[in-house]
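Visitor: sequence first, then the predicted structure, then my questions.
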Amino acid sequence: MIDSNYNFAFLDERTKKRIRRALLKAVAVPGYQVPFGSREMPFAYGWGTGGVQITASIIGRADVLKVIDQGADDTTNAVNIRRFFALTTGVKTTEKTAEATLIQTRHRIPELPLTASQILIYQVPLPEPLTKLEPSRQETIKMHALSEYGLMHVRLYEDIAQLGAITRAYDYPVMVNERYLMSPSPIPKFDNPKMHMNPALQLFGAGREKRLYAIPPYTPVRSLDFEDHPFEIQRWDHACALCGSVDSYLDEMIVDDEGSRLFVCSDSDYCEERRDAGHVGGQQAVHLHDALATPVINSTTTLQEAA
Amino acid sequence: MKSQVLLSARQVGKSFVHQGQPRWACRGVSFDLYPGEVLAVVGESGSGKSTLLRLLAARHACDEGSVHYDVQTESGNEPTGMVNLAGMSEARLRWLARTDWGFVEQHARDGLRMNVSGGANIGERLMALGARHYENLRGEAIAWMQRVELDTGRIDDLPATYSGGMQQRLQIARNLVTHPRLVFMDEPTTGLDVSVQARLLDLLRELVDELQLAAVVVTHDLAVARLLAQRMLVMKDGCVVEQGLTDRLLDDPQHPYTQLLVSSVLTP
Amino acid sequence: MYVAVKGGAAAIESSWRLLEDQRRGDTAMAALTVAQIQEQLSLAVDRVMSEGSLYDPELAALAIKQSSGDLVEAIFLLRAYRTTLPRLGYALPLDTARIALLRRISATFKEVPGGQMLGPTYDYTQRLLDFTLLVEGEHRDASAPSSNPSNKLSEAGIAVHRGPLPTVPRINDLLAREGLLETPQPEMVAPPGDLTRDPLMFPADRALRLQALARGDEGWLLAMGYSTQRGYANSHPFAGEIRRGFVSVALVPDELGFEIDIGDLEITECQMINQFSGSREVPPQFTQGYGLAFGGSERKTMAMALVDRSLRADELGETRTAPAQDAEFVLSHADNVEASGFVQHLKLPHYVDFQAELELVRKLRTSHAMAKKENT
């Protein structure tokens, strides 16, 4: 049921054209932040207006849309956004990654590898990777133009010097096409490798900050590191309690007053597909201990996998 | 036998407006600086010496005259040889400031990143040039800290925990790590204890000698000029009143103002 | 056994119902009408229109009703609605010298042509809660003259001209004629940028800065303006003129090729006169700051004028010493729709990133523990 009071996908055609033009610019210069005239949307700034404007500008009647937040389709904000598009476009929506042509996401990249006929649209809160080191946009524009990224490397050096490791766990800075330093949005660093040479087009929208950027298909994307402190993704000692996966990003849930934990796939579709295929998880809650309180103890895990 | 000129100033001047009237902070300054040579710019506060330094380092634009520098490294279509700084792109100037030049500020806090460790401060220029091996960077930082006589155990400490003299040494190391050919120094020892000053001056003299650095050193202290510089400019009210070999100027000053300066130095 | 919790959609629907109950309140009481809000909460309506960047008192009143009086939420509603409206054209600049005045004061001269006119203002009331207002029904102070008939214009919802608007010369113009006040001209190489179409980039020229200030949060601008009075870049302001009244909006439609009057707007305009400055080329003159808002938003226009002036520091050759002189700082944080959105977005789930942090912290603590073990 489409709301006929509004144009297809809410925005007027001229606005969509302007956004698409900005997107073309972004695709032509991978990783470069293109300013655009972001419009007020029926969502608050900070709640995905950039992603929504990109999706609204490129969505067509034949598209199939998936919207996820924290990897899941059922989180409230994802539900809200999916409803918005259903209402303003009538386009088919899905929870299955494999079926989608457009995927709008907040904070995760789907576990299932994407294809050349898919577009991934990221919601970005703070597009400027240097923002915490240099708040002035005027100055960071200059730094990007002159490839002056020493400040970022100084920060990473400092992390290692003070804490023994680079302490960026998410929104981990990357070099795109070996030219522009880019913020991948607050995806966990676990997902960074997925951006590299991805067959899908990746678009990034920051509505409040009024910038968008892109990684065209098959573009090299490298997470910053030092030769002797190479980039590493997160790892768990546990498997998904529902499907037994040891390769996916896991959500940690506190399940009782003693603080027992269960770990479950963050990507709800991925988990469901695995379960449909017959994989079963151990359903075992675990207790985690303070590493510094007592001699190092391994947490208990039970891995059960039915064929 | 003189090699090619490194830095050349021709009638440089900068003006500003004071109470509706134009005033010249400095005017008509000319000199040539050769590789390995140290030039002291001496005067009281208000003489225009700090403004001159900033003009030479292209931090301000000249209102009159020009500054030329002998650029050695090729870079795209940019020219090499004696290049007018006013015509240089901002990218090139910023690159120059990070590699072939150093600038030691009077207050170390202006020349250091106070929120990162000593090691990070020293390694920054190298990282900006693409160095990506953590242990190597650390090794360079340690070597330079030894060179400037800093306790290498303080490598991970923030500069705010260093004493004033140590902060200056850190600043010097941070600037020298890319082996610049020219270093600008703005009152590098002023504000430090007398004994700390003396040791720092000794260090500077050794480094200048060893690394064949050219330098322009602004100071109000004639002793600093005598110790570090072969040549000297004396400035008063924005103009150069006398210039020449340091020894000659200090032993046989011609201009009344120079004579005044020399005679007012307390003799032990 | 753990089962993934579903039900986000149902939760949202429940929250809508609860919100509607909250908005309506006790059904035994009469519902608030939009017309009542428009008429009796007119200053709230004025603020919502100014920051919502849309002059439509009825819609602003509707937004206030819908948001249960949360003005920032109401402003958001109006802005979102504005996005859907087609752009028909640009009006000619408002001529605020031709104005049906409700109020007009100047602090710089005792007597001014056209007179000082207090109009409806809280300025000289005693701030004592009037408990008679708690009583239902009409309350009228016999000593106060009846409210200005022009207010009836907003009631009717249509603008009605009552003959040509009188011309009331601005004090600023009189000072400028004597050469005492600067008359800065914009560099009109191109038409002024449109903040509603293009992102604000820095350095921003005065036209764009004024647009950002006009829709900027009153509280933020008030604080920034206040700071300039307390020594954070003091510019010694005087209230040259504050005027409030109805001005006419004119447009030259392509189809006609001549100017037509499309209605009246109620505006408040403030011109601040600030300390003199001079340079090599220009002898000393007073400098100005400007504020403009819809309706009777006086506090907003005064704060806006103070901040407009402080943001002209670079243009006037003043050293920047204070936050109120930093355009990027002031204007990047002036839009309450943006600010509210981003501050409140922290309520959204962030557990994936938090999980990443947990993993990191645990790993580092384990390294610490192992190192400790090795050293003992």
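Guide: Structure received.
Visitor: the strands in the stretch 151-300 of chain A, which residues?
Guide: Counting by DSSP state E, counting those that start in this stretch, the stretch 151-300 of chain A has strands at residues A:174-176, A:180-182, A:201-206, A:211-215, A:221-223, A:250-254, A:261-265.
Visitor: TSV for those strands, including mean neighbour count and mean pLDDT?
Guide: To be clear about C-beta, it is placed using only N, CA and C from the backbone, and glycine gets the same treatment. Formatted as TSV, those follow (neighbours: other C-beta atoms under 10 Å in any protein chain shown; pLDDT from 0 to 100):
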stretch	mean neighbour count	mean pLDDT
strand A:174-176	22	97
strand A:180-182	21	97
strand A:201-206	26	98
strand A:211-215	27	97
strand A:221-223	19	97
strand A:250-254	19	89
strand A:261-265	23	91
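Visitor: and A:Arg61, backbone torsions?
Guide: phi -60, psi -30 (degrees, to the nearest 10).
Visitor: what segments of the stretch 251-376 of chain C are strands?
Guide: C:260-277, C:285-294.
Visitor: er, the stretch 51-200 of chain B I mean
Guide: Going by DSSP E, counting those that start in this stretch, the stretch 51-200 of chain B shows strands at B:64-71, B:81-84, B:101-104, B:182-186.
Visitor: show me what the third one is packed against.
Guide: By that I understand strand B:101-104. Other helices and strands packing on strand B:101-104, by 3 or more C-beta pairs under 8 Å, 6 or more residues apart in numbering or on different chains; DSSP states H and E, are helix B:164-176, strand B:182-186.
Visitor: can you list the low-confidence ranges for the stretch 51-200 of chain C?
Guide: For the stretch 51-200 of chain C, applying pLDDT under 70 flags the ranges C:137-163.
Visitor: what residues does it have near chain B?
Guide: Within the stretch 51-200 of chain C, no position is adjacent to chain B by C-beta under 8 Å from any C-beta of the partner chain.
Visitor: taking the stretch 51-200 of chain C, what residue is nearest to chain A?
Guide: C:Pro199 (3.6 Å; C-beta to the nearest C-beta).
Visitor: what's the answer for chain B, then?
Guide: Scanning chain B for proximity to chain A using C-beta to the nearest C-beta identifies B:Ala128 as nearest, at 3.0 Å.
Visitor: against A:Gln33, how distant is the residue nearest to that residue when sequence neighbours are not counted?
Guide: Leaving aside its sequence neighbours, B:Ala128 sits nearest to A:Gly150 (C-beta to C-beta, 6 or more residues apart in numbering or on different chains; 3.0 Å). Distance, A:Gly150 to A:Gln33, by C-beta to C-beta, to the nearest Å: 19 Å.
Visitor: so for those two, which sits in the more crowded spot?
Guide: A:Gln33 (25 against 19; other C-beta atoms under 10 Å in any protein chain shown).
Visitor: can stretch A:124-144 be found next to chain C?
Guide: Yes: contact of stretch A:124-144 with chain C (C-beta under 8 Å from any C-beta) involves A:125, A:136-138.
Visitor: which residues does that stretch contact?
Guide: Contacts to stretch A:124-144, defined as C-beta atoms under 8 Å, 6 or more residues apart in numbering or on different chains, come from residues A:32-33, A:46, A:50-51, A:148-149, A:151-152, A:155, A:171, A:173, A:180-183, A:185-186, A:204-206, A:208-209, A:211-213, B:90, C:201-203, C:328, C:332, C:342, C:345.
Visitor: quick one: mean pLDDT over it.
Guide: Stretch A:124-144 shows a mean pLDDT of 91.
Visitor: what is the end-to-end distance of that stretch?
Guide: 18 Å (C-alpha to C-alpha, to the nearest Å).
Visitor: that older thread, sort out for me which of the residues of stretch A:124-144 next to chain C are in strands.
Guide: Judged by DSSP state E, strands contain none of the residues of stretch A:124-144 next to chain C.
Visitor: just send the strands of the stretch 51-200 of chain B back as TSV, with distance to C:Thr287, mean neighbour count and mean pLDDT too.
Guide: Formatted as TSV, these follow (distance: least, C-beta to C-beta, whole Å; neighbours: other C-beta atoms under 10 Å in any protein chain shown; pLDDT from 0 to 100):
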stretch	distance to C:Thr287	mean neighbour count	mean pLDDT
strand B:64-71	30	19	94
strand B:81-84	37	14	90
strand B:101-104	36	22	96
strand B:182-186	34	24	96
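Visitor: can you say which of those strands is nearest to A:Leu242?
Guide: With C-beta to C-beta as the criterion, A:Leu242 lies closest to strand B:101-104 of the strands of the stretch 51-200 of chain B, at 60.3 Å.
Visitor: what would the closest one look like as CSV? C-alpha coordinates only.
Guide: Taking C-alpha atoms only, strand B:101-104 is exported to CSV below (Å, rounded to 0.1, in the frame of the first residue of the first chain):
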residue,chain,number,x,y,z
TRP,B,101,63.2,22.6,6.7
GLY,B,102,63.0,22.6,10.5
PHE,B,103,61.4,25.2,12.7
VAL,B,104,62.2,25.3,16.4
